[in-house]
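Peer 1: coordinates for the following, if possible.
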Amino acid sequence: MRRAALLATALLVLLGAGFAVFALRPEPAAPTLSPAAAPHPRLAEVRRTMEGYGPLTAEVARTAGGDSLVVGHPENAADVAVLAAELPAAVDAVTAVWGPGWPRTAVLAVAESPAEFAGLIRATGPVSAEMAAAAVADPFRPGSTPTGQRVVFSPDAGRRLGPDGLAALLRHELTHVAARAVTSDAAPQWVLEGFADYTAHRARPAAFAAVAPTLTAALRAGAGPTDLPADADFRGPDAVQAYERAWSVQAYIAAGFGADAVPRLYRRLAAGPQDAGSEDAALRAELGIGRAELVAGWLGWIAEQSGAGGPVG
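Peer 2: Numbering: from 1, shown residues only. All right, here's what the predicted structure looks like:
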């Protein structure tokens, strides 16, 4: 958080055994907006949320569905520029997998501090320092059109990931935006996160080991997985490998059953929680095999891929 002279006055109040600091901030400085950003219909909404954390900078990117908006603070101007430049291609990459049935526009926000990041994603508890971005929306009823969708990036996402990593993360989060209307948070995470990662990497194919380095290392060490990742794996110490495993399941499905099978299976499995029976039935309906056969085929495929160097689409 910036250390410039923002404190107009401060009052220390003794509260039990601790102290609290109350600060009066000056009025926010005028935002630095590109000429196209000023009339954007969602700019006022974003300004209400973000201006309390400092001056704003904003750019508009022309995407397939209209004008997309990228907002940040002067400290994040480089990330704002990268995201605005990447947005048109990212929207096209998501549409190539999901289809045109989504707005094909986006609102992106780059937070200036961990506190702002937590506020923008409406966090109700501690936010992991490893979280680089999140796609959020207003509450909505199943079957209705989501509103208030935005993708929020952490203050250090660009520094940690670099331009290429930031672009891949943008495609991942835009996939969640595109699929939101048919997605339940209670659906299996290997489906939700695996599909988003598959879409993110499909636009720029890379070697299996480059996309899934920790999974590759485990496989080469003889410590590979024995089953699809469980939901808890995405929140534990092996979360990175859980995401890689989820991506690799989708990549295996695309390689073995065709690229169209990936979004079809997503639509069947993402609508709500799945038990063993419903998951097996969906797999048989879309792929012609059950869960046990899927796992066996996937394990064999990743074992082969971990020793190969060719690109994986």
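Peer 1: mind telling me what element Ala255 is part of?
Peer 2: helix 239-257 (DSSP states H and E).
Peer 1: same check, this time on Ala58
Peer 2: Here Ala58 is assigned to strand 57-63, by DSSP H and E.
Peer 1: elements contacting that strand?
Peer 2: strand 32-33, strand 66-72, helix 77-98 (3 or more C-beta pairs under 8 Å, 6 or more residues apart in numbering; DSSP states H and E). For every residue, glycine as well, the C-beta is placed using N, CA and C.
Peer 1: can you pull the pLDDT of the residue most central in space within the chain?
Peer 2: Relative to the mean C-alpha position of the chain, the nearest C-alpha, by C-alpha atoms, centre = their mean, is the one of Glu173, at 2.9 Å. Reading off the per-residue confidence, Glu173 sits at a pLDDT of 98.
Peer 1: what does Pro41 give?
Peer 2: The predicted local distance difference test score for Pro41 is 89.
Peer 1: pretty sure Arg122 is touching Ala134, no?
Peer 2: No. Arg122 is not in contact with Ala134 according to C-beta atoms under 8 Å; the separation is 9.3 Å.
Peer 1: show me how far the next helix or strand after the helix holding Ala255 is from its chain's centre.
Peer 2: Note on helix 239-257: by DSSP H and E, the next helix or strand toward the C-terminus is helix 261-269. Here the centre of mass of C-alpha atoms in helix 261-269, compared against the chain's by C-alpha atoms, centre = their mean, to the nearest Å, lies 19 Å away.
Peer 1: more neighbours: Arg122 and Ala134, which one.
Peer 2: For Arg122 versus Ala134, neighbours defined as other C-beta atoms under 10 Å are more numerous around Ala134 (18 against 11).
Peer 1: for the strand or helix carrying that one, C-alpha coordinates in PDB please.
Peer 2: Under DSSP H and E, the secondary-structure element containing Ala134 is strand 133-136. These are the backbone C-alpha positions of strand 133-136, laid out as PDB (Å, rounded to 0.1, in the frame of the first residue of the first chain):
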ATOM      1  CA  ALA A 133      -6.900 -13.400  -9.800                       C
ATOM      2  CA  ALA A 134     -10.600 -14.200  -9.400                       C
ATOM      3  CA  ALA A 135     -13.800 -13.900 -11.500                       C
ATOM      4  CA  VAL A 136     -16.800 -12.600  -9.500                       C
END
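Peer 1: gap between Ala132 and Ala78?
Peer 2: Using C-beta to C-beta, to the nearest Å, one gets 15 Å for the distance from Ala132 to Ala78.
Peer 1: among those two, which residue is more densely surrounded?
Peer 2: The residue with more neighbours, out of Ala132 and Ala78 and counting by other C-beta under 10 Å, is Ala132; that gives 21 against 14.
Peer 1: leaving out sequence neighbours, find the closest residue to that one.
Peer 2: Leaving out its chain neighbours, the residue that sits closest to Ala132 by C-beta to C-beta, 6 or more residues apart in numbering is Ala157, at 4.2 Å.
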